[in-house]
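Undergrad: Show me how the following folds:
(chains A and B, ligands or ions: 1)
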Amino acid sequence: MRARLAVLAAATFLAGAANAATIYPLDRAKILVGSPFDFKVELDQVYDAADIDVTVNGKAYADVFGHEAEFVSDEKGKDDASLGSALILRDLSLASAGDYTVSVKAGDAEEKTVNWTVYNTPSVAKAKNVIFFLGDGLSVAHRTAARIMSKGMTEGKADGRLAMDDIPPAAFIGTSSTHSIATDSANTMSAYMTGHKTRVNALGVYADRTPASQDDPKVETIAEALRRQTGKSIGVVSTAEIEDATPAAIVAHTRLRGDKADIVGMFYEVQPDVILGGGSAYFLKSDVPGSKRKDDKDYIQMFTDAGYTVAIDAASLEDAAKNNAGKILGLFHTGNMDTKLDRSFLKKGTVEKFPDQPGLVEMTETAIDRLSQNKDGFFLMVEGASIDKMSHPMDWDRAVVDTIEFDQAIAKAVEFAKSNPDTLIVVTGDHTHGVSLIGTIDDNVEADEMREKVMTYDDAGFPDYADTDGDGYPDKIDVDRRFAIFSNNFPDYYETFRPKMDGPFEPSIKGENGEYVANEQYKDVPGAVLRVGNLPKNADTAVHAVDDIVLQATGPGSEGFSGYMEQSDVYEVLADAFALGTSQKAGQ
Amino acid sequence: MLAASPRLASAAAARLSFDELYGSFSPLGLEFSDKVKDLTGKTVAIRGFMAPPLKAEAQFFVLSEIPMALCPFCSTDADWPDSIVVVYLDRKQTFTQPNQMIEVTGALDRGSWIDPETGFVSQLRLRQARYRTV
Ligand SMILES: [Zn+2]
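TA: Down below sits the predicted model:
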């Protein structure tokens, strides 16, 4: 009986080979010619090296790859559990474009074949500069609301246009990850910035099975490719912690986006010419109050020694921009920077502690000014981070005002591109939220319950936002007739139907047994009602949607975007625009 | 052992609030307030919320100004607000709900310190502490 089961099991293994070996890069990977990556084979069982046969296009892999892989007879999981044998070959690169079929056969039980496409780019760059705008979580509702709030509307026609309204929609982007239809900022931004999809929480690596977060098979990031092939400058701008997933994706290699202290070290390795954002806590050595490091590395000093001018507020950023010609490290908050609504209008959040934070518009302008001094061109990534950070807690006013700010930063790039038409501008998000603008909420309606004041269809009319000073932001956010925006997914929370004037919304907090419960702080807001969540009780906020995201682009190379694309396909268009298959280093 | 009762200890303790921990804020680091400097080594009482314990049976927890809510994909579990105080209990107490305000009384200890068991780095601690719900 036992023997028969074993035979059956073996037969099952052969039939279900998909469950056997895993090969990284995964099947259907697209790899830039000459771009370094790690090759790894994970087998489910333990083998002798001699029993593992790996071929590439029918030839012995070592002949094609030029090196033997390291053989690990038995990888260890949690608590030293046996995971099976593995082969790892780091820093491999393929010099010729074409299709590669990689086949693995181990003993009689495991077999796996994957296909890769190695692509080349034209030898001459189409674009000198690329400015990549990433509205974190930027959904269609955010831009609709930003347009109506910022520009107004008369008789159903918008009274003005956002800067992003004039950048042609170019593609729908699918954002799913390698292990889930859903995604996070790490997975998607990593795919944009490397050309390889990965797993939720992972940056610049394929997520392998071993517990260590920084031994996973690496892929090259755009910053590394630019350093390898070009003399271009690199800039990273975000209102989040600079080591947060989106900006980190430009430089980082880790399975865990939470490795923030190490990600600062990865920024230091690549040394982008301009780095502006929050997150200084991970740059400070551990004995400085406010530090979140566990070691005594002083990255402020290390970046200074590496030639950076350090700015810590809007005033010193302006000084740095005016008085120095070199690299700039601007860190304006120990954590995430405050939202535009808090920074410029309500003075809530942590604005009292960090009163002189620059905005995304000033940071973008400074970055473009500095980077454009390089005659070889530049790559700049600008993230509007709080669109997402405020959509999670369903703080729609803060999310929409930050969308307006993000749009004003885009306007600066559009202005630059007018006199520098060799600039490709891309505007997209990394994932959507389940959010929609459905009408207005009108306080002038006589009713006991707030839901009776939610005006839809013909009753919705137009909101009362006014922008008398013409800065693009409403003079007042808590107007009588305001947006009715709702999320289609939520934890337990108190819906107040009102802007959160005292600081960013915290819908739920951890209760007994680690389950999230509605934050009672909002219980007594007049008209507040408990909404029983439709998410598991371990969800503290609204979640990312799997819906496609819109990508817009203008400038040379933008014709590479069309139809439906995976987020990993976006990298190929960037590589193509920059001709990253060809070395453009001076003197070569 | 009446003197060790939290109620009595609390009556004798100087009050300190989260607002009063730091005198100045900068991306280059925070600076402790004069009040914190004066009270270092003395018994103080601070009101706040218990963050979800790092370990079920730990004798140490993190006290935060507002109830903690962490987004696992936007921040990480490793991320804490700037204003936290680590609390070392003098004996095990049952943990409270995180949205329950508590008052902790203990000896104020200041300076960078790494918890040997968890590796958690803190700048401010209450030692030999006890707490009660308020
Ligand atoms: Zn998010």
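
Undergrad: Only C-alpha atoms from now on, for both contacts and neighbour counts.
TA: Will do.

Undergrad: you'd agree A:T304 is in a helix?
TA: Yes. According to DSSP: H, G, I helix; E, B strand; the rest coil, A:T304 belongs to a helix.

Undergrad: shouldn't it be in contact with A:A311?
TA: No. Applying CA atoms under 8 Å as the test, A:T304 and A:A311 come out as separate, 10.6 Å apart.

Undergrad: Phi first, then psi, for the closest residue to chain B within the stretch 351-500 of chain A.
TA: Across the stretch 351-500 of chain A, the shortest distance to chain B (CA to the nearest CA) belongs to A:K353, at 5.6 Å. Main-chain dihedrals, A:K353, degrees, to the nearest 10: phi -80, psi -30.

Undergrad: if I pick B:S17, what's in contact with it?
TA: Counting by CA atoms under 8 Å, 6 or more residues apart in numbering or on different chains, B:S17 makes contact with B:46-47.

Undergrad: for chain B, what spans make up the helices?
TA: Assigned by DSSP state H, the helices in chain B fall at B:6-12, B:34-39.

Undergrad: Distance-wise, check the residue lying closest to A:E449 once chain neighbours are set aside relative to A:T350.
TA: Closest residue in space to A:E449, ignoring its immediate chain neighbours: A:G527 at 6.2 Å, by CA to CA, 6 or more residues apart in numbering or on different chains. Using CA to CA, to the nearest Å, A:G527 is found at 28 Å from A:T350.

Undergrad: got it, and B:Y22?
TA: For B:Y22, the distance to A:T350 equals 13 Å [CA to CA].

Undergrad: Which one's more surrounded, those two?
TA: B:Y22 (20 against 17; other CA atoms under 10 Å in any protein chain shown).

Undergrad: and the more buried one, bridged to which residues?
TA: B:F32 (DSSP bridges).

Undergrad: can you tell me which of the helices of chain B the model trusts least?
TA: The weakest mean pLDDT among those belongs to helix B:6-12, with a mean of 52.

Undergrad: of A:T304 and A:A311, who's got more company?
TA: Neighbour count, other CA under 10 Å: between A:T304 and A:A311, A:A311 has more, with 21 against 14.

Undergrad: How about the contacts made by that one?
TA: A:317, A:320, A:328-332.

Undergrad: try 6 Å this time
TA: Listed by CA atoms under 6 Å, 6 or more residues apart in numbering or on different chains, the contact partners of A:A311 are A:317, A:330.

Undergrad: Distance check, the closest residue to the residue of the stretch 351-500 of chain A closest to chain B other than its chain neighbours against B:S83.
TA: What sits nearest to A:K353 in space, not counting adjacent residues and going by CA to CA, 6+ apart, is B:F25, at 5.6 Å. Noted for B:F25: a distance of 11 Å to B:S83, by CA to CA.

Undergrad: Run through the bridge partners of the residue nearest in space to the middle of chain B.
TA: In chain B, the C-alpha nearest the mean C-alpha coordinate belongs to B:V85, at 2.9 Å (CA atoms, centre = their mean). Here B:V85 sits in beta bridges with B:L63, going by DSSP bridges.

Undergrad: Surely it and B:S122 touch.
TA: No. Taking contacts as CA atoms under 6 Å, B:V85 lies outside contact range of B:S122: 7.5 Å.

Undergrad: what about chain B, any weak spots by pLDDT?
TA: Scanning chain B for pLDDT under 70 picks out B:1-11, B:52-58, B:68-79, B:98.

Undergrad: can you give me the strands in it?
TA: B:14-16, B:22-24, B:31-32, B:43-50, B:60-64, B:84-89, B:101-114, B:121-133 (DSSP state E).

Undergrad: ditto for the stretch 51-200 of chain A
TA: A:52-56, A:59-60, A:70-76, A:82-92, A:98-106, A:110-119, A:129-135, A:153-154, A:157-158, A:169-174 (DSSP state E, counting those that start in this stretch).

Undergrad: Could you give me the buried positions within the first one?
TA: Within strand A:52-56, the residues that qualify as buried by neighbour count (16 or more other CA atoms under 10 Å in any protein chain shown) are A:52, A:54-56.

Undergrad: mind putting those residues in a markdown table, pLDDT and distance to chain B included?
TA: Shown next, in a markdown table, are those (pLDDT from 0 to 100; distance: CA to the nearest CA, whole Å):
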| residue | pLDDT | distance to chain B |
| --- | --- | --- |
| A:I52 | 96 | 38 |
| A:V54 | 97 | 37 |
| A:T55 | 97 | 38 |
| A:V56 | 98 | 37 |
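
Undergrad: what secondary structure does the closest residue to A:Q229 other than its chain neighbours sit in?
TA: Leaving aside its sequence neighbours, A:Q229 sits nearest to A:S583 (CA to CA, 6+ apart; 4.4 Å). Using three-state DSSP, the secondary structure recorded for A:S583 is coil.

Undergrad: Surely A:D91 touches A:D38?
TA: Yes. Proximity of A:D91 to A:D38 meets the contact threshold set by CA under 6 Å, at 5.3 Å.

Undergrad: who's more crowded, these two?
TA: A:D38 (19 against 14).

Undergrad: Check the nearest residue to the more buried one once chain neighbours are set aside and give its pLDDT.
TA: In space, and not counting its chain neighbours, A:D38 is closest to A:R90: 4.2 Å by CA to CA, 6+ apart. For A:R90, the model assigns a pLDDT of 98.

Undergrad: Over to the one 4 residues further on?
TA: Listed pLDDT for A:L94 reads 97.

Undergrad: what do you get for A:G278?
TA: Confidence score, pLDDT, at A:G278: 98.

Undergrad: Say whether chain B is contacted by stretch A:330-340.
TA: Yes. Judged by CA under 6 Å from any CA of the partner chain, stretch A:330-340 comes into contact with chain B at A:332-334.

Undergrad: So what would you say the end-to-end distance of that stretch is?
TA: Start-to-end, stretch A:330-340 (CA to CA) is 18 Å.

Undergrad: For that stretch, give me every contacting residue.
TA: Under CA under 6 Å, 6+ apart, the answer for stretch A:330-340 is A:239-241, A:276-281, A:310-313, A:357, A:402, B:27.

Undergrad: ok, now stretch A:174-188?
TA: Here stretch A:174-188 makes contact (CA under 6 Å, 6+ apart) with A:198-203, A:245-246, A:430, A:546, A:548, A:566-567.

Undergrad: Let's see it as CSV, backbone CA atoms only.
TA: The C-alpha trace of stretch A:174-188 is given here as CSV (Å, rounded to 0.1, in the frame of the first residue of the first chain):
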residue,chain,number,x,y,z
GLY,A,174,-2.8,45.8,-14.4
THR,A,175,-1.2,45.9,-11.0
SER,A,176,-1.4,42.3,-9.7
SER,A,177,1.5,40.7,-7.9
THR,A,178,3.2,37.3,-8.4
HIS,A,179,1.3,35.6,-5.6
SER,A,180,-2.0,37.5,-5.6
ILE,A,181,-4.4,39.5,-7.7
ALA,A,182,-4.0,42.3,-5.2
THR,A,183,-1.0,44.6,-4.8
ASP,A,184,0.8,47.1,-2.6
SER,A,185,3.0,50.0,-3.4
ALA,A,186,6.2,48.0,-3.1
ASN,A,187,5.2,45.3,-5.6
THR,A,188,3.8,47.7,-8.2
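
Undergrad: mind listing what's buried in it?
TA: For stretch A:174-188, burial by neighbour count (16+ other CA under 10 Å) applies to A:174-178, A:182-188.

Undergrad: That stretch - what's its average pLDDT?
TA: Mean predicted confidence for stretch A:174-188 is 96.

Undergrad: now that stretch, how far from the centre of its chain.
TA: 10 Å (CA atoms, centre = their mean, to the nearest Å).

Undergrad: what does the stretch 1-150 of chain A have sitting close to chain B?
TA: Residues of the stretch 1-150 of chain A lying near chain B (CA under 6 Å from any CA): none found.
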